[in-house]
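**Q** Dropping the sequence and predicted coords here.
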There are 2 protein chains.
Amino acid sequence: MARPRTFDETAVLDAAVREFRVHGFAETSTEQLCEAASVRRSSLYNAFVSKDELFVRALQHYVATTGARQSTILADDELTGAERLRTLVDVVMDEELQAANRGHAAGCMVVQSLMSPDLRERDERVSRILDRDLRERLSLLSGAIRAGQIDGSIAKGVDPDDGAVLASTVISGLRVTAQTGVDVETLRRIALAGLSSLLH
Amino acid sequence: MARPRTFDETAVLDAAVREFRVHGFAETSTEQLCEAASVRRSSLYNAFVSKDELFVRALQHYVATTGARQSTILADDELTGAERLRTLVDVVMDEELQAANRGHAAGCMVVQSLMSPDLRERDERVSRILDRDLRERLSLLSGAIRAGQIDGSIAKGVDPDDGAVLASTVISGLRVTAQTGVDVETLRRIALAGLSSLLH
DNA sequence: CTCTTTCTGTACTTGATTATCCAAAATATG
DNA sequence: CATATTTTGGATAATCAAGTACAGAAAGAG
């Protein structure tokens, strides 16, 4: 019973994620966000209240979508544990490859946000989202590692929880190294080398 | 033939590094910098021209001091190649331990700056410093790895350049993971696991 | 001892960026 | 087809941090 929106809320969140994941919160202006989403200022504020709120929603959206993708891979019964980890690396590398074609590294909202204690303190929802995401991701990873130890593709000696933190650490490191312009094939080799204590 | 400074320029740079490495450029205000260095606004501007200039000098200072420390370790003929890498990990872990005692992660000006394309574009000196630092670090690392392959402490199969990128990636990843509150002992275990393709 | 030069402290200016306001537009509903 | 209701666009206000100005303080040189 009123004028409908001319834009899709999810499309705006996608655009916001694209900006935030490379520029971070502080260095992304609301104007950039409007521009990227092709939405006028007041529409954005009308729909999302404030830059902070939009960031929280974008972060939520980001971890939900990436979490879902990782979930389908890491909990895929068709694959061995080791294959799941390698597929995960492939996905991350794909993101970097696509970003590289656009002339920059993919960035990562999680790495950005984790590295910014201020951001986490300013809005505790950010902390909560990151904590939750981390727990979820570590749980999926250790699950895949346990599966790999049962199917024989991953060495029995390693502690699954440690292995999970390792995988998470390596991927974060890749996000950083990707910024240095290293080509994606090297990056993939490095990733697998970093996980070699699991994958042998 | 004039009034001398009441502060030490290097002390100001140290303070600036302490702020920048945890908060990043955008989220560190000049007021914070003054506060941290116990220096008044005009003194700071008189000595360092602008926030950008101060950042460049701080970054330079940061990579110079950390570079020097890494250099003494990674080029230490008394140690095997593997021992050099392990000692490097110890140094990073020490930084994190000290920071943890102060209630936060150590942060890292290099990781922060690398993850911020805007920062690098705004002042090309930042790019140059980071590029130079990376090359230097990779060169030291691959040198240590080659030394390890000669003294038998590092597997012959690995490409020293790849190994260098791996070590750099793992350390960056540790800087990120440290922000999640993982205890330092776990962190150290993860570091060694990530480097296991070199250290076995 | 005084003069010159630089440093220091405070208050102010400026510029950018976030957020708001309000009138006009659009449309589903009755 | 009128109306209620929300969105939209443009302009405006409010805020906040970077940088500047200037007067006064400090100390070495002559």
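**A** It's in.
**Q** Can you name the helix or strand that the residue nearest to A:Ala106 when sequence neighbours are not counted falls in?
**A** In space, A:Ala106 comes closest to A:Ala99 once its chain neighbours are excluded; the distance is 3.9 Å by Cβ to Cβ, 6 or more residues apart in numbering or on different chains. Every C-beta, even on glycine, is put in place using the N, C-alpha and C of the backbone. Using DSSP states H and E, A:Ala99 maps to helix A:81-101.
**Q** report the angle between the axes of the strand or helix carrying A:Ile150 and helix A:81-101?
**A** Assigned by DSSP H and E, A:Ile150 falls within helix A:124-151. If you take axes from the mean of the first three to the mean of the last three Cα atoms, to 10 degrees, helix A:124-151 sits at 130 degrees to helix A:81-101.
**Q** other SSEs contacting helix A:124-151?
**A** Helices and strands touching helix A:124-151, as assessed by 3 or more Cβ pairs under 8 Å, 6 or more residues apart in numbering or on different chains; DSSP states H and E, comprise helix A:51-74, helix A:81-101, helix A:109-114, helix A:117-122, helix A:160-178.
**Q** what does chain A put close to DNA strand C?
**A** A:1-4, A:28-31, A:41-42, A:45, A:49-52 (Cβ under 7 Å from any atom of the strand).
**Q** same thing but at 10 Å, please
**A** A:1-6, A:25-34, A:40-46, A:48-55 (Cβ under 10 Å from any atom of the strand).
**Q** pLDDT below threshold where in chain A?
**A** Residue ranges of chain A with pLDDT under 70: A:1.
**Q** Show me what residue of chain A gets nearest to chain B.
**A** Taking Cβ to the nearest Cβ as the measure, chain A has A:Gly173 as its residue closest to chain B, at 2.9 Å.
**Q** following the host helix or strand of A:Arg189, which helix or strand shows up next?
**A** Assigned by DSSP H and E, A:Arg189 falls within helix A:184-194. As assigned by DSSP H and E, the chain's next helix or strand after helix A:184-194 is helix A:196-199.
**Q** Which elements pack onto that next one?
**A** helix A:81-101, helix A:160-178, helix B:196-199.
**Q** buried sites along the first one?
**A** Spelled out, it's helix A:81-101. Neighbour-count burial for helix A:81-101 flags A:81-89, A:92-93, A:95-97, A:99-100 (criterion: 16 or more other Cβ atoms under 10 Å in any protein chain shown).
**Q** Which of the residues in stretch A:147-161 are classified as buried?
**A** A:147-149, A:153-154, A:158, A:160.
**Q** With distance to A:Ala68 added, can I get the residues you listed in TSV?
**A** Output for those, formatted as TSV (distance: Cβ to Cβ, whole Å):
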residue	distance to A:Ala68
A:Ala147	19
A:Gly148	21
A:Gln149	25
A:Ser153	24
A:Ile154	24
A:Val158	27
A:Pro160	22
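**Q** Name the nearest of the buried residues of helix A:81-101 relative to A:Ala167.
**A** A:Leu85 (6.5 Å; Cβ to Cβ).
**Q** Which positions in chain A make contact with DNA strand D?
**A** Checking chain A against DNA strand D by Cβ under 10 Å from any atom of the strand, the hits are A:1-9, A:12, A:26, A:34, A:38-47.
**Q** quick one on the thing from earlier: any chance of the helices and strands packed on helix A:124-151 in JSON lines with distance to B:Glu19 as columns?
**A** Shown next, in JSON lines, are the helices and strands packed on helix A:124-151 (distance: least, Cβ to Cβ, whole Å):
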{"stretch": "helix A:51-74", "distance to B:Glu19": "23"}
{"stretch": "helix A:81-101", "distance to B:Glu19": "30"}
{"stretch": "helix A:109-114", "distance to B:Glu19": "18"}
{"stretch": "helix A:117-122", "distance to B:Glu19": "11"}
{"stretch": "helix A:160-178", "distance to B:Glu19": "21"}
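**Q** Which of those sits closest to B:Gln60?
**A** Here helix A:160-178 is closest among these (Cβ to Cβ), at 20.0 Å.
**Q** same for that closest one, what does it pack against?
**A** helix A:81-101, helix A:109-114, helix A:124-151, helix A:184-194, helix A:196-199, helix B:160-178, helix B:184-194.
**Q** Output those helices in TSV; the columns should cover distance to B:Val110.
**A** TSV is the format used below for the helices and strands packed on helix A:160-178 (distance: least, Cβ to Cβ, whole Å):
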stretch	distance to B:Val110
helix A:81-101	19
helix A:109-114	14
helix A:124-151	22
helix A:184-194	17
helix A:196-199	25
helix B:160-178	8
helix B:184-194	17
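**Q** still on that earlier bit, what sits up against the helix holding A:Arg189?
**A** By Cβ atoms under 8 Å, 6 or more residues apart in numbering or on different chains, the surrounding residues in contact with helix A:184-194 are A:86, A:89-90, A:92-93, A:96-97, A:100, A:166, A:170-171, A:173-174, A:177-178, A:182, A:199, B:158, B:162-163, B:165-166, B:169-170, B:194, B:197.
**Q** ok, and for it, which residues are buried?
**A** Buried residues in helix A:184-194 (16+ other Cβ under 10 Å): A:184, A:187-188, A:190-194.
**Q** Quick check: closest non-adjacent residue to A:Gly24.
**A** A:Gly24 sits nearest to A:Gln112 (Cβ to Cβ, 6+ apart), 4.6 Å away.
**Q** what separates that neighbour from DNA strand C, distance-wise?
**A** Computed as Cβ to the nearest atom of the strand, to the nearest Å, the A:Gln112 to DNA strand C distance reads 15 Å.
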